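> missing the sequence, but the structure's below:
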């Protein structure tokens, strides 16, 4: 990571950079060293190049060997090298993989010309035009924060003293943004029609920097991780631990007796052990009794095995319990459970349609058809439409039991004491089109 702060006018320019070389591992920035070269000077040019350090160094080393050095020549070299190394830089475990920004400052026709090159935009070139004043440009890591700070210190310094020390504003800016990505040595170069020159260098003040420590050509560790391996006879450091400077708090730790402790483990293979402890309790024998194998998300018990679960089983939405090889009559009406104690092996797919299509609430049963051997009720039964009775209708043999047509006064009922049938209708009782409830005159009909 790199930070560049440039103050540019038409007559001169000052370009400052840090020397920290950093890397990103698991979204964390670590300092590698402070010997990074990020700025190159020639007789009439200053060039700042940020991005992958090995790539920018290769580009500038090639550019430095050219007899003719122009911005077009630099862009041509950068494109060729980036394309040539695209396969090896496309994937990197150490952070930045390409060139992010290039500042190209040169003196031409007694004027200072400054350009920003953006490789990510197909090497687009933008000219910085300071006009008759001074333009402050910041690029790279923490550029926005640095821009605010350099403007602040410039304003405060000029307010106190028109001849204040420019290097002070730079130093304060870099000291205040220093972290794992920015730091090391601050170097400021100047350029004008008289050429280029080193203007200032000073150590950047840093605090609590996390570092990347190289173990060999392929492996690294970090300053917030310790790897300590010594002879077993040394009583002080008989362990390896990662992730914390305290062995007892490290999420990964192992002593030389082979006792391994990890915070999380994702195992894609077989584990052979004599003991398997959870919270200090050996559960290996219990697991062997519980299951013959665990496959994916399925737990299989042994043949004829019974698993006892003390507690609750919570089924997520859309879950189901299924039984294989059910008898053909498992869902017959005689086996439908009627109370919790009767619940057995009855999957939803085997329920009769007249159960699944019937709505039963706390007070009603709603269904297109209700079929039963006997329907009993000790209260009133209301039928909204027709009632069809296949054979006989039996009424309770009590006084005044019968059939009534609401408040019309029309009814048929029995007198159980007299064992007689009574027909009542205020408008008359008719049979065969003749009214039969009026006294007969002259004709007496005798039945019997």
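Cool, the structure landed. If you're wondering where the values come from, they're calculated on a predicted model, not measured in any experiment. Numbers count the residues shown, from 1 in each chain.
> Which neighbouring elements make contact with the longest helix along the chain?
Here the longest helix in the chain is taken by residue count, with DSSP state H as the criterion, and it is helix 143-160. If contacts are counted by 3 or more CB pairs under 8 Å, 6 or more residues apart in numbering; DSSP states H and E, helix 143-160 sits against strand 3-8, strand 135-140, helix 166-177. Every residue, glycine included, has its C-beta placed from N, CA and C.
> TSV for those, including mean neighbour count?
Shown next, in TSV, are the helices and strands packed on helix 143-160 (neighbours: other CB atoms under 10 Å):
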stretch	mean neighbour count
strand 3-8	24
strand 135-140	19
helix 166-177	21
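> Show me the one of those that comes nearest residue 52.
strand 135-140 (12.7 Å; CB to CB).
> tell me the mean pLDDT for the closest one?
Per-region confidence: strand 135-140 scores 94 on mean pLDDT.
> ditto for stretch 187-206
When pLDDT is averaged along stretch 187-206, the result is 95.
> buried set for stretch 41-57?
The neighbour-count criterion (16 or more other CB atoms under 10 Å) identifies 41, 44-53, 55-56 as the buried residues of stretch 41-57.
> re earlier: which positions within the longest helix of the chain qualify as buried?
For helix 143-160, a neighbour-count test (16+ other CB under 10 Å) marks 143, 146-147, 149-150, 153-154, 157 as buried.
> now swap in stretch 102-112 and tell me
Buried positions in stretch 102-112, judged by neighbour count with 16+ other CB under 10 Å: 102-107, 112.
> biggest separation within the buried residues of stretch 41-57, which pair?
Among those, 44 and 52 lie farthest apart (CB to CB), at 27.3 Å.
> quick one on the thing from earlier: residues in contact with the longest helix of the chain?
3-5, 7, 136, 138, 164-166, 168-170, 172-174, 176-177 (CB atoms under 8 Å, 6 or more residues apart in numbering).
> rerun that using 10 Å as the cut-off
Residues from elsewhere that reach helix 143-160 (CB atoms under 10 Å, 6 or more residues apart in numbering): 2-7, 16, 50, 101, 134, 136-140, 142, 163-166, 168-177, 182.
> helix/strand/coil for residue 77?
Look at residue 77: counting by DSSP: H, G, I helix; E, B strand; the rest coil, its state is helix.
> same deal with residue 83?
Look at residue 83: counting by three-state DSSP, its state is helix.
> What confidence value was assigned to it?
Among the per-residue scores, residue 83 shows a pLDDT of 86.
> Residue 88 too?
With respect to pLDDT, residue 88 scores 59.
> quick one on the thing from earlier: in JSON lines: the buried residues of stretch 102-112, plus distance to residue 387.
Output for those, formatted as JSON lines (distance: CB to CB, whole Å):
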{"residue": "102", "distance to residue 387": "95"}
{"residue": "103", "distance to residue 387": "97"}
{"residue": "104", "distance to residue 387": "99"}
{"residue": "105", "distance to residue 387": "102"}
{"residue": "106", "distance to residue 387": "106"}
{"residue": "107", "distance to residue 387": "110"}
{"residue": "112", "distance to residue 387": "106"}
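> Which of the buried residues of helix 143-160 sits closest to residue 401?
After measuring these against residue 401 - CB to CB - the closest member comes out as residue 143, at 99.6 Å.
> measure the closest one to residue 160 for me?
When CB to CB, to the nearest Å is the yardstick, residue 143 and residue 160 sit 26 Å from each other.
> Helix, strand, or coil at the residue lying closest to residue 247 once chain neighbours are set aside?
With CB to CB, 6 or more residues apart in numbering as the criterion, residue 247 has its nearest non-adjacent residue at 4.8 Å, and that residue is residue 241. The three-state assignment at residue 241 reads strand, by three-state DSSP.
> and residue 241, what are its bridge partners?
Partner residues in beta bridges with residue 241, using DSSP bridges, are residue 253.
> Could you check how far it is from residue 255?
The spacing between residue 241 and residue 255, counted by CB to CB, is 9 Å.
> More neighbours: which of those two?
residue 241 (22 against 14; other CB atoms under 10 Å).
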